[in-house]
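> have a look at this prediction, sequence included:
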Amino acid sequence: MVEQVFKFSTGNEKAVEKLIMDENVHYIHMVFNKEEGLPEHYSNSNVYMSVIRGKLSIDLDDQGVHEYDAGNLLKIPKGIKMNVKNLNEDTLELIVVKSPAPSNM
């Protein structure tokens, strides 16, 4: 078998699943319920964030919270302060890709 297969959760429970963390790319699956999210942090690489379901509430560099529905893809440069939350009732599901892979992880 040439391909590698990675399984990720398909439910509504909170999850931060680091599926691929190699020298090329970091591929992370995230699920957050209302009022859940990530600790405030700075992006350590270019971040590509796909909203799979729900609505993302995100504050980048203190510009105020913007909301993005499913079907949106955000490109966030390295070094940006990020506050990622689900402020809505529906479950939020994200795919986060960091490229190039951060060297300090």
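Arrived safely. Numbers count the residues shown, from 1 in each chain.
> and stretch 68-80, what's its mean pLDDT?
For stretch 68-80, mean pLDDT rounds to 98.
> make that stretch 2-13, sorry
Rounded mean pLDDT across stretch 2-13 is 97.
> now stretch 41-55
pLDDT averaged over stretch 41-55 gives 98.
> that one: which residues count as buried?
Under the neighbour-count criterion of 16 or more other C-beta atoms under 10 Å, stretch 41-55 has 43, 45, 46, 47, 48, 49, 50, 51, 52, 54, 55 buried. In short, each C-beta sits where N, CA and C put it, glycine included.
> and the strands in this protein, which stretches?
Listed in chain order, the strands of the chain (DSSP state E) span 15-21, 26-32, 41-42, 47-53, 55-60, 65-69, 73-76, 81-85, 92-98.
> residue 2 is nearest to which of the ones you listed?
Minimum separation from residue 2 across these (C-beta to C-beta) falls at strand 15-21, 15.9 Å.
> from the chain's centre, how far out does the closest one sit?
10 Å (C-alpha atoms, centre = their mean, to the nearest Å).
> could you give the number of residues near residue 23?
If you count neighbours by other C-beta atoms under 10 Å, residue 23 ends up with 8.
> now it: how far from residue 103?
Separation of residue 23 from residue 103 (C-beta to C-beta, to the nearest Å) stands at 8 Å.
> equivalent analysis for residue 62, please.
From residue 62 to residue 103 the distance is 27 Å (C-beta to C-beta).
> and stretch 85-95, which residues are buried?
Buried, per 16+ other C-beta under 10 Å, within stretch 85-95: 85, 86, 87, 88, 91, 92, 93, 94, 95.
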